[in-house]
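Chemist: Sequence plus predicted model, see below.
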Amino acid sequence: QEQLVESGGGVVQAGDSLRVSCAASGRTFSAGYMGWFRQAPGKEREFVGGISRSGGTIYYADSVKGRFTISRDNAKNTMYLQMNSLKPEDTATYYCAARRTWLPSREISDFSSWGQGTQVTVSS
């Protein structure tokens, strides 16, 4: 089982930038497709974006496209989510997740490993 630990959340103002990280351990980090999800209070968890094992293919939700950037450093077993031009509606707990396969997905049920989440709060 892979262990994932997010870090880097915090409280920022609208328009600010923030980078959150996801450190992985327990198995070969580079083997699978990885994703970022978020969950706001009272709402369902939603897909933010995902990245292939090589980093060559990245998908984003329409709500963050053009503002968020996902990357990964397989040598450091770490995935990143760079968030720019943050909006109050981006306020949520952000989770990283990993699949056992390299196939991309936006479905929560397809991801077998999850981090504990990191809180991002954007004030207006």
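Modeler: Nice, thanks for sending it over.
Chemist: quick one: contacts for the residue nearest in space to the middle of the chain?
Modeler: For the chain, the residue nearest the mean C-alpha position is Trp36 (2.4 Å; C-alpha atoms, centre = their mean). By C-beta atoms under 8 Å, 6 or more residues apart in numbering, Trp36 lies in contact with Cys22, Phe47, Val48, Gly49, Gly50, Ile70, Met79, Leu81, Tyr94, Tyr95, Cys96, Ala97. To be clear about C-beta, it is placed using only N, CA and C from the backbone, and glycine gets the same treatment.
Chemist: again, 10 Å this time
Modeler: Going by C-beta atoms under 10 Å, 6 or more residues apart in numbering, Trp36 touches 6, 20, 22, 47-51, 60-61, 64, 68, 70, 79-81, 83, 94-97, 115.
Chemist: wait, Ala23 sits on Met79?
Modeler: Yes - assessed by C-beta atoms under 10 Å, Ala23 is found in contact with Met79 at 8.4 Å.
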